[in-house]
Structures are given as structure tokens and as C-alpha cells.
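Colleague: Give me a 3D structure for the following:
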Amino acid sequence: MTQLRRLAASWQSMSSVTYSTLFIVLLWTFLPKFLAGQTDPNRCRALLTDGTWSSTSNGQHETQQQWEPNGCRMVEYTTDDIHNCLDGRKFVLAGDSTIRQIFWAAARKLDPKLAAAELKEIVAAGEKQRDLSFNAEGVQLEFIWDPWLNSTSLKDTLDAFHALPSSVQEGSLVKKDLESAALIVLGSPGLWAARYGGDEFMSIFKNGIDAVASYLSLASEEADAKSHALSSLSISNHGYEAGPNQILLTPVQEPAYSALSSKRTETITPERVDKMNDYLSHLPSNQTSHVVWAFNRMTDDTDGVFENDGLHTEDTVADRKIDIVLNSHCNNPAVLHDRSFKGTCCVDEPPNYLFNVVLICLCAVLLYTPRAQSMSKFVRPEFLTAARDLLVTLAWSWLCDGTLNFSKVERHYRAGTFVAVSLFWLIGCLAMRQKIAGPTSEATLLAAKDREAKRDMTPAEEYKFLPREQTDEIKGIMQGLILLYHYNYASQTLWVYKIVRALISMYFFLSAYGHTLYHLKTGDYSFKRVAVVLFRLNALSALLPYMMGTTYSSYYFAPAITFYYLVIYVMLRVLKDNNDDPWPLAMKVLATASFVSVFITTPGYLEMTTDVLRAVFGMSFDVQELRFRLGLDRYIVFVGVMVASLVHTASATDAREIFTAKGSPRLFDSSRRRFAVICFGGLGLFVFVTQWCGFSSKQSYNASHPYMSWIPVLAVITLRNLYRPGEKLFLAVPAALGRISLETYVLQYHIWLGGNATAKLTLSGLENAPFPVALLEKIVLTVLFIGMAALAHRATRTLTVSLSEIGFLVFLAALWAGNFIYA
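Modeller: Here you go, the predicted model:
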């Protein structure tokens, strides 16, 4: 009990800073919305109005242009995505050749081979100016050639339009041929009016727009009237078919005037195009909200977006145009169908009843906490604080990544920025150095997991190789680099990827080393010990999927580290009397490593195991991803076991014979330079082989990584203990981060990054802020992220200290029931 109170007091300042920062961010986020209302609540205006081009890399030194709306995140629709959204429904496009280009972009997404064949036939027949139809497995695309927007076919299509889909129209049965199109895209008649309308171009243009304007108003009115009903129907009754039908209007295309032919230059002038677009911009708000202004922003001040005629865009631009159209129509049903959907443009916030439950529980905890001091025999105040911190962490994760209160923007790798911030972190790690505490200090006592561990600590602990403070320091340095790696999207660069893979292997090594050393020193193989470790490793990763709509395996580090802990525990528990002798233990390690390698790499075993977990616990796994993650580090954990065995053997004998008074092995004193040369040589050889000797892809490197990762790991930990002045010191800043490395790894998915760690999280309104403001925003969000991770660490640690076997079984039973209810 005293330990819990001391722990709570030591974290009080961090708690104050975190909750103060949280209050400031909440005030910034919600106060403007409360005072002025929301101007773009579902981020549709952001999608249809503005954006920028950015270059993205596929990891093979190839780049492609990606369109990014300002204020929301657009996704690139695949064939399957389009089928999910439009299966059994019509998608109609009407206009001139610029709209026909978008029609063919949609056809290519549905079936590229069929689209290419049909386009070739049409070009060969010389019949470009005609209606087109394209069917691909239930999705019907139609193009109406109508550059004036006055054809009978278009009028019939618009007359049949209803914002409410036929699948949910009350009391009506709609014939298939009269069913409303799910999505209609109309091309403004501006280019043809300018080219052939002469001095009457503006009247012709207005007539075309006025003929369809009433349908735009109708679409807005019906969609608004039915929006709440549709959001409730979309999942429970009708799925994607319940999404409202939609009409979009493109602005007058602004061509590349310098590339136009002489005849077109005479009539298609900037003045005419600007005048017609100005007319569109002054339509009523319920009509202008349907205009896709972003199409013209795509071609502003950008080279290489037009074909040689200066009028039609390149196919890559047309592909992005159809993505804007599909995002505007399909995103909302998609996010209601799957809460982990990454698109944030044109979406309503999905319902999350668990969030409401968490808020109610949080209020109850806050109300009861003042009374807890006088009623401590029933509920300890420390446990209420832990419950509060966990509930706040879960709620904050949903607010950041599950709602539209924060923006998610794409990540881009910039080598100079990544290298600079990484160097800044490494230099900053040297800022604070502290002496490693003695064995009887409070820090060492708190590091012991239970009373049995404390009783078993001996004076030989003073001489332990790779003490807890050093392992936390190494974990913290690695975790800082890994967080920067994710934030800056450095996985797109192969040389960085190879380094980070070695860092992750180091973490697996340290985890295996720590668990093995504990079991060997204490002989504690009780179920309580297993329960404590499993709860500590998995509490956050097991609770977050309920809140965020993700899966347990999506936070891959917790399942992987849990798997290897259980493997090590079983290995050490079997024939445990032989564990003090390194040679029998080495035989067990060799047999276990061989079995685990076969289990992971041979198809069938993992599948069978995950099928059992799915049937019994309702847990879902991506087996291929799990095999990949486990396979990369399937040997380094056993290296950690053997190092721990050697350290335990040394510390179990007379420490004065094995260790020097400085704390390092005597062997280091006699051959310190030799060890340094070997370690630096090993690191240099590893870097040379991995960076310059044939590993030209992630796949080729991953195949060899399990067999090489021990080289940099052993070299680094040896060098860390060779340096005499550093043997009794540790770096305080990275050590503090290392103690919460598990929490920072899991929570980065939702409260530092967004979209399950696939985008950057930003405060609304600051997506394009100047550098000083953007830097301040990143600092605030980082402080809040680290603080939340620290509070979650404190909470799980507090609960772990008094966790009983029955309590752990109750926790498992609750998760078991929750999985089936959630499914």
C-alpha cells in the first residue's frame, strides 16, 4: 500500500501537466464550435473545394502524384471498394469530352482490361461523340454525351432522381429501369458555350446551368431531410444501399491556354471561363455545395497535368478526379460500415455507444474519488486514479482518431527533416545523466515486480550486467527513433527500414532477457506471475479495439511480445531444475527455437491456432501479417535467453571473482580493447552487408534479418558496458521514455498519429499553419501523447501490483464476453 502511494506521489507532476494540456486542447477544439457553430461538419466542403498535389514514394525510388484535400483525408478507391459502394446501382456522367475522360477513369478502376478493349473499339470506329455504357459485375456506368446539358436522356435521368435510395423509400416499389441513379456527375457546358456560343455564350451557359439547378436544390433538401434516418438504416438494414443518392456539378474546366490550338484560343479565353465560373460561385448555397471546385484547383499552376491539346488532363489527374467523386458519395456508408475506415472526407461521425459508457463511468469515478479517502476499505483511492486514467486514455483515443474533431493529414518522408530530428533526439538524450541506484534504493525496489523478487535480491545485484536502468535507457533511445520513423513515414526508405528492424529486434532481445533473468533469479513460475505479465503487456491492446473498432492483432507488438513470453515461460518451466546450468538450458533453447521456427514458418500451424482463438475467444487475426511479424524476430529472443543465463550464472557465483568493483565482467577489463574492436567491427560489417551488399528490397532483407539481427544487438549491449565512466550512469530522458515504451507504441496509433498510425494528427484549423504555429502544435500534441502514455503506464502498473489470479481470470472472462457481444 505504501508503495502505491509513493508511486502515485512521484507521478503527480506528470498528471498535472497532462491534464492541463488536455484542458487547453479541448478548449481549442470545442470552444470555437460552440460559439460559432460548425461550417463544414462532415468535411465535404474540404474535399470538393481545395487541395494540393504531393509526391509519394512506393519504396522503390518511384514517385507518383497524390491529391490531398485541405482539411480531410481522401482514400484511393479500388475495384472492390467501388463494388461495395455501387453494386447493383447506376453511376451516370453527362457532359462533354472532359467528363467522358472521367467516365473512362471510373471504368479503368472497375475493370482495366475491359475498359481498354472497349475504348480501343470506340476509337477505331471513330464514334466518340455518343452515349456510352459500361457494366462490370453489377456496377453500371453510363455516359450521356450532352455538352449543353439539354438532352432528353439527361432530363429523364434527372426526373427519375431521388436523394433517398429506392431500397429505403417508404411504401414504394421502383421499377429497375426507372430507379434513380446512385450518383450523377454533370459537366458544366462552359467550354462548348465559349467555343461555339459566340457573343451569346453566357446566355447559353446560364440556360444549361438553370436547367439542372433545381435538381441540385432537390438533392440537398431531400438529403438533409433524410440524413438522420439514413445514418441509422445504413448498417442495421440496408448497408451501402442506404447511402443517399447524389448529384455533383463540375466547374468550367480552366485549360492550359498556351497549349490550345489557334481556333480554340480565339473563343476559349480566360475572361469567358472566369465569368462563367463566377456565375456558378454565386448560385444559392444549396446548389454551390454540389460544385466540385477542386477539379480546377488540380490544374492550377501545375505543369504536366494536361495533354498536348491543353484541354484534356492526363489520365493520372482523371483518376484522382474520380476518386474525389467516389469519396464524396461512398465514404459515409463505408465509415458507418467499418469504424476503422481511413477516409475522413464527407463522413458523419460513426456512433460509438461504448464511448458514452466510458464517459458515464468516468463521471462516476470522479464523483466517488473525494469520498474514497474516508472509505478506503472498500475501494482504494489509487485504484480510482488508475481507473480514471485508463478511462480518459480510451475516451481521448476515440476523440482524436474516431471523430472529426481532429484532422488527419498524409505523412510524407523528407530525408533532411527525419535525419535532423533524429540527431536532435540522440543529442537530447545526453542532456541528463544519473547514477544507477544501489540495490536497496526505492527505484530498485519499485522495479521488483512482487515481494518474492525483493526478498531474493542480493548484494550481487550491484554487479549485474545490463541493469534495469540501462535496459530502460536503450529501450527509450530506440523508441524515440521508432516514433520519429513512424511520424515521418521513413518506412518508405530502405536504409532507414533496415536500421529500425534492428532496433525492434533489440527490444525483443531486452524483453526476453528481462523475463528470463527474473525467472532464473526468483524461481517464480506461478500462475500469478504469468497473469501479471500478460495483463501488463495486453491491457491497452485488449481494450482499445472495443473503443476504436480495430482488432487486437492490429497492435502487433503486444501479441508478438506476448507470444514469445509464453514460449520462454513454458521453456523455462519444463525441467526447471536444470535452468541454473547453462548447457542443459542451451539444449532446451535450441530445441525450442527449432520448434518455434517450424511452427511460425510452416503453413497450417498458425492458421489452426488462430482458428481456435477465433472460435473460443472471438478474436480475429491477420495470419499472414502475424507470421511475418513473429518470423522476423524468431531467433533473437533466444539469444536474449542465453545472455540472461550467462549473467545469472555469473551473479550466482562469487561476484568478486566474476565482476570487478566497477560492475563489469572481469573479462572486459582484460580484453576491453579487443571487445571494442570486435563490436565496432561487427557493427561495421553488419552495416556494410545490409546497406551495400545486395539487399535491394525489403523482401530480400527480411528473409535474412532473423539470422543477422544478433550481431548489432550484442555489439551495442557490449559496447554500452565497456565504457568505464558509463558503467554506473544512465541517461535519464530516454530511460523515462523506455519505461513507457509499450504504452507509447500502442497509443501512437490514435493520439499522436491518426487513422491507425497511417496519418498525422493535427488540430482542426491548423492543417496549413505557418511553421512556428505548426511546431507549437506538434509540441503540444507530443506532450499530451507522452503524458497520456505515462498515465496509462501508471494505471496498468497500479492495477498489476494487486492483481490476483481470480482478478485476471475475471478480466479474461470480461474480454471473452465482450468479444462475442462486440462481434
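Colleague: what about F143, which helix or strand?
Modeller: Assigned by DSSP states H and E, F143 belongs to strand 139-145.
Colleague: That strand pairs with which strands?
Modeller: Applying DSSP bridges, strand 139-145 is found paired with strand 90-95 (parallel), strand 132-136 (antiparallel).
Colleague: Nearest to M74, out of those strands?
Modeller: Smallest distance to M74 across the strands paired with strand 139-145 (Cβ to Cβ): 18.2 Å, for strand 90-95. C-beta coordinates here come from the backbone N, C-alpha and C atoms, glycine included.
Colleague: immediately after the closest one, which helix or strand?
Modeller: helix 97-110.
Colleague: which one of the strands paired with strand 139-145 has the most crowded surroundings?
Modeller: Among the strands paired with strand 139-145, strand 90-95 has the highest mean neighbour count (mean count of other Cβ atoms under 10 Å), at a mean of 25.
Colleague: one step back: state the mean pLDDT of the strand holding F143.
Modeller: Strand 139-145 carries an average pLDDT of 94.
Colleague: Stretch 368-388 now?
Modeller: Across stretch 368-388, pLDDT averages out at 74.
Colleague: now stretch 613-632
Modeller: Here the average pLDDT along stretch 613-632 is 86.
Colleague: Do me a favour and get the end-to-end distance for it?
Modeller: Terminal residues of stretch 613-632 lie 22 Å apart, using Cα to Cα, to the nearest Å.
Colleague: Which residues outside that stretch are in contact with it?
Modeller: Contacts to stretch 613-632, defined as Cβ atoms under 8 Å, 6 or more residues apart in numbering, come from residues 501, 504-505, 551-553, 556, 559-560, 563-564, 600-601, 606-607, 610, 702, 705-706, 815-816, 819-820, 822-823.
Colleague: so after the helix or strand harbouring A736, what's the next helix or strand?
Modeller: Using DSSP H and E, A736 sits in helix 732-739. Note on helix 732-739: by DSSP H and E, the next helix or strand toward the C-terminus is helix 741-751.
Colleague: Would you indicate which residues of that next one are buried?
Modeller: Across helix 741-751, burial judged by 16 or more other Cβ atoms under 10 Å covers 741-751.
Colleague: Among the residues you listed, which pair sits farthest apart?
Modeller: Longest distance between any two of the buried residues of helix 741-751 is 16.7 Å, between S741 and H750; criterion Cβ to Cβ.
Colleague: how about low-confidence regions in the stretch 501-650 of the chain?
Modeller: Residues of the stretch 501-650 of the chain meeting the criterion pLDDT under 70: none.
Colleague: hey, where'd the helices end up in it?
Modeller: Here the stretch 501-650 of the chain has its helices, by DSSP state H, counting those that start in this stretch, at 527-548, 557-573, 582-601, 605-617, 623-632, 636-652.
Colleague: Let's have the ones you listed in TSV, adding mean neighbour count and distance to T39.
Modeller: Converted to TSV, the helices of the stretch 501-650 of the chain look like this (neighbours: other Cβ atoms under 10 Å; distance: least, Cβ to Cβ, whole Å):
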stretch	mean neighbour count	distance to T39
helix 527-548	20	27
helix 557-573	19	40
helix 582-601	15	52
helix 605-617	14	45
helix 623-632	17	40
helix 636-652	22	52
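Colleague: Neighbours of the residue lying closest to H162 once chain neighbours are set aside, how many?
Modeller: Nearest residue to H162, sequence neighbours excluded (Cβ to Cβ, 6 or more residues apart in numbering): S180, at 4.5 Å. Neighbourhood size, S180 [other Cβ atoms under 10 Å]: 22.
Colleague: and G807, what does it touch?
Modeller: The contact partners of G807, by Cβ under 8 Å, 6+ apart, come to A531.
Colleague: mind listing what the residue located most distally from the centre of the chain touches?
Modeller: In the chain, D199 marks the outermost C-alpha relative to the chain mean, sitting 54.7 Å out by Cα atoms, centre = their mean. D199 makes contact with no residue, according to Cβ under 8 Å, 6+ apart.
Colleague: shift numbering so it begins at 410
Modeller: Got it, first residue is 410 now, which makes that one D608.
Colleague: Okay, it and R673: tell me how far apart.
Modeller: When Cβ to Cβ, to the nearest Å is the yardstick, D608 and R673 sit 17 Å from each other.
Colleague: And N947, by the same measure?
Modeller: Separation of N947 from R673 (Cβ to Cβ) stands at 66 Å.
Colleague: Please enumerate residues in contact with stretch 687-702?
Modeller: Outside stretch 687-702, the residues touching it (Cβ under 8 Å, 6+ apart) are 453-454, 457-459, 597, 611, 614-615, 618, 622, 625-626, 628-630, 656-661, 730, 733-734, 737.
Colleague: ditto for stretch 524-544
Modeller: With contacts defined as Cβ under 8 Å, 6+ apart, stretch 524-544 is touched by 506, 509, 512-513, 515-517, 519, 523, 549-554, 562.
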